[in-house]
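Asks: pasting the structure only:
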């Protein structure tokens, strides 16, 4: 199965009124786990690499090329996406490496500046045939840069999409980044109004803190691309702790990292099925 475009996955899900899972890659083990999850579920997936992840690895190229290779080797459709890029040059590098979609995050900028920079980035990306996600309304969390109570205004969102030309929009509807508890309450009525106001798919960031039932309701209300990172990271870390407790003398890291990879694969598979509306399984 060749590497596919996130544009195709997101637009197909939007038409079907289902969700598409977009899961963050932290290192090669998570990329491998996410591909395994998609293959086990027989569902597509979007692998996301954030600016923070690229910086952790000393640059986008090493982790980007490894993730692209994992996607190309998959037996189901897998797309690779740049997540939360705040530097224009990182967007340009992702396009050069072969990413089919990028997210430029100008949400911390004043509205006019966010609009101008996002429009500039979108024009360059579109020239290369690359799908662009923008953000408006400040999703909470992210090192205190965003207030969790902020919400995206539908009229402002419509004007932003028209001015920038973005292909999808991340909106603030009650979720918050990096939540380790699933207690977020989403404004489902606002999601419906945003869906009615816009002709581009909606993206839910901070989904780790949202209960399963609420995510399913948000998809029915109009959310399409569902981003998850912290929840999967928690499964990875807890499984490694358990493996090390069970084998305190182990020195070969592959023997305990494998446990983390398997845990991420299992939970990601469950969530892909939840988003697609094909699962009745309970959270792990």
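Replies: In hand now; what should we look at? Keep in mind it's a predicted model, so treat the numbers as computed, not measured.

Asks: okay, now the residue lying closest to residue 5 once chain neighbours are set aside: neighbour count?
Replies: Once flanking residues are discounted, residue 5 sits nearest to residue 100: 4.1 Å by Cβ to Cβ, 6 or more residues apart in numbering. Heads up, the C-betas are built off the backbone N, CA and C, glycines and all. As a burial measure, residue 100 scores 24 neighbours (other Cβ atoms under 10 Å).

Asks: Over to residue 100: give its phi and psi.
Replies: Residue 100 adopts backbone torsions of phi -90, psi -10, taken as degrees, to the nearest 10.

Asks: surely it meets residue 7?
Replies: Yes. Assessed by Cβ atoms under 8 Å, residue 100 is found in contact with residue 7 at 6.8 Å.

Asks: shared neighbours of those two, anything?
Replies: Contact with both residue 100 and residue 7 is made by residues residue 131, according to Cβ atoms under 8 Å, 6 or more residues apart in numbering.

Asks: secondary structure class for the nearest residue to residue 22 once chain neighbours are set aside?
Replies: Residue nearest to residue 22 in three dimensions, not counting chain neighbours: residue 46, with 4.0 Å by Cβ to Cβ, 6+ apart. Three-state call for residue 46 (DSSP: H, G, I helix; E, B strand; the rest coil): strand.

Asks: thought residue 46 was touching residue 225?
Replies: Yes. Contact criterion Cβ under 8 Å: residue 46 and residue 225 qualify, at 7.2 Å.

Asks: what is in contact with those two at once?
Replies: Common contact partners of residue 46 and residue 225 (Cβ under 8 Å, 6+ apart): 10, 20, 22.

Asks: taking those residues one by one, which sit in helices?
Replies: Counting by DSSP state H, the part of those found in helices is residue 10.

Asks: Kindly reformat the shared contacts of residue 46 and residue 225 as CSV and extend each row with neighbour count.
Replies: Listed next are these as CSV, based on neighbours: other Cβ atoms under 10 Å:
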residue, neighbour count
10, 28
20, 27
22, 30
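
Asks: Which pLDDT value goes with residue 217?
Replies: Looking at residue 217, its pLDDT is 92.

Asks: Please give the element, helix or strand, for it.
Replies: Assigned by DSSP states H and E, residue 217 belongs to helix 212-221.
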